[in-house]
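Return a 3D structure for these sequence lines:
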Amino acid sequence: MSARIDQLCIDTLRFLSVDMVQKADSGHPGLPLGAAPMAYVLWSRWLKANPRNPDWADRDRFVLSAGHGSALLYSLLYLSGYDLSLDDIKQFRQWGSKAPGHPERGHTPGVEVTTGPLGQGFANAVGMAMAEAQLAAQYNRPGHEVIDHRTWMLASDGDLMEGVASEAASLAGHLRLGKLTCLYDANFVTLSAATDIAFTEDCEARFRSYGWHTQWVEDGNDVAAIDAAIRAAADEVRRPSLILVRTHIGYGSPNKQDSFEAHGSPLGEEEVRLTKQNLGWPVEPAFRVPDEALTHMQTAVAGGAAQEEAWHRQMQAYAKAQPDLATELRRRLEGVLPTGWDADLPVFPPNAKGMATRVAGGRVMNAIAPYLPELSGGSADLDPSTKTALKGMGDFNPPLAAGEDKQGSDGGGWSMAGRNLHFGVRENAMGAIVNGMAAHGGFIPYGATFLVFSDYMRPPIRLAALMELHLVHVFTHDSILLGEDGPTHQPVEQLASLRAIPRLSVIRPADANETAVAWRVAVEMRDRPVVLILTRQDLPTLDRQVYAAADGLTQGAYVLDADLGDSPQIILIASGSEVSLIVEAAGRLRRDGVGVRCVSMPSWDLFEAQPRDYRDSVLPPAVTARLAVEAGSAQGWHRWVGDGGDVLSVDDFGASAPMQAVAAAYGFTVDNVVKRARALLA
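As a prediction, this is how the structure comes out:
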């Protein structure tokens, strides 16, 4: 391959990116100037992709974890023939542009995940590699390797500083994800300083200790050395690979190379002119694209179309040899649920003692798992507490060696086909890995931990909602009523903070049957992530012959006891564990002649999505005496109770004591609910 053509393409990538940033007067020119050579080598010689069909199932995945370098990605996409025009990239960072400030999944063809918060993309890539490994183990058969692709990422110094990347890298090394490769743009400069002000560790040694294969490329402009390093990484099948490439941020800029001034701000018109002159690039016109560079880049990736055609032929042969597996695999990759997947969804009989909703959730998961092979996930070292293990479905792990400790196994053996993922004590990475699996396709992945630890997961939860990914998080131990563990483990503000995230469905079921319906909603919810908020303590299973059917959960809120018509004197509203509390309080009020309506409101967002007439039928505007009862922050509840209502809530931290003592101290008793209701009526 001609060195002249290589250099022409690299400089085209560099200066398309620089011109994008300069025209927008906003962005990050430094990374594209330094990292263009490694990106060019990967995209032109190694990446298996078809720009005409960016969603082809067996394509390689590329993640720009250093999302601030988005201009480089848009240059790659445009030159490679994706549906991103030169006019599009000229509108970089502008309203309605297909080239937003940071890469956004679903917005720009060829962008796999939304990146920007550093380290998240790194962990997304680990999740994608895990997804590929599990699908390959489950469906490939001798002579029919229909799942066989790689995951590549480009990461920055900042990515490797963030803890989430360390968590994910540790797990990836343990899992021996040999088809995962990270190109590390080691320019030793961050947004505000050189890395020696805060980051002097030996990253190569750190990743070796994780179990990664590592290599150094001393010159980030050495195309042959970069290509050889990628080849060595591809040949390493038992370890993920880190290629540390020594680059120079703002490469070629006479006054800003190796300076943080090239990181997060445009070079400036004069410095752009000087940089172009320094690297032998014409100063004018801006956005110059030599025909030779465009032709070469589009020719280089044109092989992806042929690779996709070959894959479809493979799938046809596979369908003849393994018709059942092929049908199931295609269904999963298309994201279609199997007919009758909910045939064995449990129905729980009335029971005054009942069960914890975490226990009910575990039973539901194990009832539907045989019908949903795409359901795969695990917890942050909390399976015994969250009840989220899929019994007998295998552990996603390299096969056990003789004499290794098997404790914690969920049954079914250790292999890459196992559906139980063991994340270890790594909540942030768990959230981002689950995002990567959902973005990969073929899965309804889930993660699980205590609700209070959702705080560790805010970035990936928010990004899942932004990407509208189909996944589930199970958060148990949902209130101060978990008792003795005390305020460090008792969530107060977490429920309100999750409800504040757009495009996130938050469901807190009241009993075992609402939990079953909640899981049905979560499985069928295609356009957003769902979090299920479940209890540690037992809750009564309501008698659905007396109270409305639990299917009312699908509408977010529903009237439990509709025998009072549309004009009750007071409405008691609750979610989760407090529903049984308002039901008992309502019985006492009715014995005293008070007209009470009980409303279970497990999901604000599902209720908000209902037509106005339905919402008014549940909460008649004329009834202003409303009492909401929830063992968490009151924030947001005043929307539902109005100016004439009241909220029994928790607006301070919890305390370490048995559940009954905590409930009494914070007013979550029948006596206090009745007292607060009478005060409203008075």
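
ranges for the strands of the stretch 451-600 of the chain?
Applying DSSP state E, counting those that start in this stretch to the stretch 451-600 of the chain gives strands spanning 472-476, 505-507, 530-533, 538-541, 558-559, 570-574, 596-600.

same for the fifth one, what does it pack against?
Of the remaining helices and strands, those touching strand 558-559 by 3 or more C-beta pairs under 8 Å, 6 or more residues apart in numbering; DSSP states H and E are strand 596-600, helix 612-618. Yep, even glycine has a C-beta here, placed from its N, CA and C like the rest.

Contact partners for the residue nearest to residue 278 when sequence neighbours are not counted?
Of all residues beyond its chain neighbours, the one nearest residue 278 is residue 252 (5.1 Å), with distances taken as C-beta to C-beta, 6 or more residues apart in numbering. Applying C-beta atoms under 8 Å, 6 or more residues apart in numbering, we find residue 252 in contact with 14, 33, 275, 278, 279.

Do I have it right that the last one meets residue 14?
Yes: with contact taken as C-beta atoms under 8 Å, residue 279 and residue 14 are classed as touching, separated by 7.3 Å.

who has more neighbours, these two?
Neighbour tally, residue 279 and residue 14, criterion other C-beta atoms under 10 Å: the higher count belongs to residue 14, 27 against 16.

for the stretch 301-450 of the chain, what spans make up the helices?
Secondary structure of the stretch 301-450 of the chain (DSSP state H, counting those that start in this stretch): helices located at 323-334, 357-368, 383-386, 427-440.

so what secondary structure elements neighbour the third one?
Where contact means 3+ C-beta pairs under 8 Å, 6+ apart, helix 383-386 is packed against helix 357-368, strand 444-450, strand 472-476.

Mean neighbour count added to these, as CSV?
Output for the helices and strands packed on helix 383-386, formatted as CSV (neighbours: other C-beta atoms under 10 Å):
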stretch, mean neighbour count
helix 357-368, 23
strand 444-450, 27
strand 472-476, 27
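
closest to residue 285 out of the ones you listed?
Taking C-beta to C-beta, strand 444-450 is the member of these nearest to residue 285, at 46.9 Å.

In this protein, where is pLDDT below threshold?
1, 401-403, 562-566 (pLDDT under 70).

Name the residue closest to the centre of it, please.
residue 435 (2.7 Å; C-alpha atoms, centre = their mean).

so who does that one touch?
Residues near residue 435 by C-beta under 8 Å, 6+ apart: 113, 120, 123, 124, 127, 460, 463, 464, 467, 469, 471.

Could you report the neighbour count for the spatially closest residue to residue 330 that is not a sequence neighbour?
Leaving aside its chain neighbours, residue 330 sits nearest to residue 315 (7.7 Å; criterion: C-beta to C-beta, 6+ apart). Neighbours of residue 315 under the rule other C-beta under 10 Å: 18.

ditto for the one 10 residues further on
Residues contacting residue 325 under the criterion other C-beta under 10 Å number 17.

for residue 255, same thing?
As a burial measure, residue 255 scores 14 neighbours (other C-beta under 10 Å).

Okay, it and residue 69: tell me how far apart.
From residue 255 over to residue 69 the distance is 20 Å, taken as C-beta to C-beta, to the nearest Å.

cool, and residue 587?
From residue 587 over to residue 69 the distance is 62 Å, taken as C-beta to C-beta.

same thing with residue 158?
11 Å.

Pick out whichever of these two has more residues nearby.
Each of residue 158 and residue 69 has its neighbours counted (other C-beta under 10 Å); residue 69 has more, 29 against 21.

Any chance of the backbone angles for the more buried one?
Main-chain dihedrals, residue 69, degrees, to the nearest 10: phi -90, psi 30.

Run a quick neighbour tally on the closest residue to it other than its chain neighbours.
Using C-beta to C-beta, 6+ apart and skipping the chain neighbours, the partner closest in space to residue 69 is residue 31 (3.5 Å). Here the number of neighbours of residue 31 (other C-beta under 10 Å) works out to 31.

Is residue 31 located within a helix, as I assumed?
Yes: counting by DSSP: H, G, I helix; E, B strand; the rest coil, residue 31 is part of a helix.

close enough to count as contact, it and residue 248?
No: applying C-beta under 8 Å, one finds residue 31 not in contact with residue 248, separated by 10.8 Å.
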